[in-house]
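Novice: Sequence and predicted model, in that order:
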Amino acid sequence: MEILINDSIPIAAWKEFLHNNIHVTPFQMPEFYSAHNDVVGRSAMALALTESGSIMSLVVITLQKESGLKSYFSRRGIIYGGPLIYNDSLRNLEFLLNQIDSYLNKKVIYAEIRNFSDYSNYIPLFQKYGWEYSPHYDIQIDLSGHDKESLMKLFAYNRRRQIEQSMKSGASVVLCNNDEQVRAVYLILKQNYHDRVKLPLPEVDFFLRYFHTKALKVFAVLHNDRIIGGAFCPVLDKKSLFTYYYCGLRDYNKKIFPTHLAILASLEYCIENNIPHFDFMGAGKPGLEYGVRKYKLEFGGKLVEYGRFVKINNPFLYKIGKIGLQMSKKFIR
C-alpha cells in the first residue's frame, strides 16, 4: 500500500478510478481539487491509496476558514460526497480514514463528510474512528427516460405556471461563456447571501477558476439583456449535475421568477447532455422546518436521507466557533 498526496496523484489514474465508482460526484474530480488550490484564501488536499499502481481509495478534502479574527475558530475540513473506495473494501476505507485523521488532526477544529449516496453500510467503521453520524436530507431527481416535456410534468402546478409566465414576460436562460457573465451571476448570489442566508460564501475568484476548468457550468437568467439570476452547477459528464448555488434578484418583476428558470435550465442541460442524475444537495435536518426543502421538492425530486459524518477534533474551539457563527448571522446587515 502507498499513499499519494495532492499533485503526486496521476491525473489519468485519478480519472480512471472515478469512472466506475458508485459513489462518485463532481466533488472528487481533479478539477474541483485544483480550483480550490488556484485562488488565494482557499485550499484543498487529495489523498489516494494505491496498490500495484492502481488507486484503491481516494478523498478530496476542502480546507475552509473565515477571514480575520474568525479564521482560527472556523478551521474545518469539508468532504463533499464522501471518500471513494474500490469494490466497497472496508480494509481500504479503514486505511484511508487513518490517513485522513493523520493529516487533519492538527489542521482543523472539525471535519464533516456530506454524503450524496448511501454510506449506511460503513457507519460502524466511521464510528470506530470517531465520526458521528448526523441525519440530513438531500433531494435528487432521476432524469432517466425524461425529455423536456415530461420534465415539466414533474413540477408542482404553481412552479409550471410561474415558469411559463416568466418566459411569456421575456425572460430566458443562457449557458455562460465568459467571465463577465459569471461575475454578474455571482454578484446576485453574494447579495442574497448577505441579505438572507448569512453564511460564508467563496469569493468570485474561486467560481471563475472552477468555471475555467469546464467542470462547473454556470447558467444566467436574462431579461431585457440584464442578468437577473443564475446557477452554479458542478457536472460529471454523463453521470450527474449538482446545484451548488442558485440565485435570483428578489422583487425584480412580479411576473418573472429567475430562480425557477435557473433550476429549469440546469435540469434541461442534463436532458440535453444525457446526464441521468440531478442533485439539489442539502435539504435540512429531519424534524426541523426548512423552507428550502419545500421549494426544492416542488420540482419533482425525491427526498433521501444519506446524512453526514462529523468528527470534532477540538470540542472547546468547536463550541466557540458555533457561537461566533450564530452571532455573525444575527448581526450581519
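Specialist: Okay, I see it. In this text the structure is predicted, and so the values were computed from the model without any measurement. Residues are numbered from 1 along each chain as shown.

Novice: how near is the residue nearest to the spatial centre of the chain to Phe211?
Specialist: Against the mean C-alpha coordinate of the chain, by C-alpha atoms, centre = their mean, the closest residue is Tyr244 at 4.4 Å. The gap separating Tyr244 from Phe211 is 11 Å, by C-beta to C-beta, to the nearest Å. Bear in mind the C-beta positions are built from the backbone N, C-alpha and C, glycine included.

Novice: what are the ranges of the strands in the stretch 51-200 of the chain?
Specialist: Remark: strands assigned in the stretch 51-200 of the chain by DSSP state E, counting those that start in this stretch are 54-64, 76-80, 84-85, 110-114, 132-134, 137-142, 172-175.

Novice: I'd like to know which of those strands is closest to Met152.
Specialist: Smallest distance to Met152 across those (C-beta to C-beta): 12.7 Å, for strand 137-142.

Novice: so which helix or strand takes in Asp251?
Specialist: Following DSSP states H and E, one finds Asp251 outside all helices and strands.

Novice: Tell me how many other residues surround it.
Specialist: Neighbourhood size, Asp251 [other C-beta atoms under 10 Å]: 5.

Novice: distance of it from Phe257?
Specialist: For Asp251, the distance to Phe257 - C-beta to C-beta - is 11 Å.

Novice: Is Leu303 bridged to anything, and to what?
Specialist: Beta-bridge partners of Leu303, counted by DSSP bridges, are Ile139.

Novice: average model confidence for stretch 55-63?
Specialist: Mean pLDDT, stretch 55-63: 96.

Novice: Show the contacting residues for Gly230.
Specialist: 176, 184-185, 188-189, 218-221, 246-248, 258, 262 (C-beta atoms under 8 Å, 6 or more residues apart in numbering).

Novice: so how many other residues sit close to Ala231?
Specialist: When counting by other C-beta under 10 Å, one arrives at 29 neighbours for Ala231.

Novice: what's the answer for the one 4 residues further on, then?
Specialist: Applying other C-beta under 10 Å, we find 21 residues neighbouring Val235.

Novice: for it, helix, strand, or coil?
Specialist: strand (DSSP: H, G, I helix; E, B strand; the rest coil).

Novice: That one: what's it in contact with?
Specialist: 26, 215-217, 241-242, 269, 275.

Novice: One more: Val185?
Specialist: 176, 218-220, 227, 229-232, 247.

Novice: Pull up the gap between it and Tyr119, please.
Specialist: In terms of C-beta to C-beta, Val185 sits 32 Å off from Tyr119.

Novice: Then Lys311?
Specialist: From Lys311 to Tyr119 the distance is 14 Å (C-beta to C-beta).

Novice: Also Phe207?
Specialist: 28 Å.

Novice: got it, and His146?
Specialist: His146 is 27 Å from Tyr119, where distance means C-beta to C-beta.

Novice: Check Ala283 too.
Specialist: From Ala283 to Tyr119 the distance is 17 Å (C-beta to C-beta).

Novice: in stretch 150-164, what counts as buried?
Specialist: Within stretch 150-164, the residues that count as buried by 16 or more other C-beta atoms under 10 Å are 151-152, 154-155, 159-160, 162-163.

Novice: before we move on, what about stretch 95-108?
Specialist: Result for stretch 95-108 [16+ other C-beta under 10 Å]: buried residues 95-97, 99-100, 103-104, 108.

Novice: Specify which member of these is nearest to Pro83.
Specialist: After measuring those against Pro83 - C-beta to C-beta - the closest member comes out as Leu96, at 5.4 Å.

Novice: ok, that closest one touching Pro83?
Specialist: Yes. Counting by C-beta atoms under 8 Å, Leu96 does reach Pro83; the two are 5.4 Å apart.

Novice: List the residues that are in contact with both of the two.
Specialist: 57-59.

Novice: of the residues you listed, buried ones?
Specialist: Buried among the shared contacts of Leu96 and Pro83 (16+ other C-beta under 10 Å): 57-59.

Novice: As JSON lines, these with distance to Gly287 would be great.
Specialist: Below are the buried ones among the shared contacts of Leu96 and Pro83 laid out as JSON lines (distance: C-beta to C-beta, whole Å):
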{"residue": "Ser57", "distance to Gly287": "33"}
{"residue": "Leu58", "distance to Gly287": "34"}
{"residue": "Val59", "distance to Gly287": "30"}
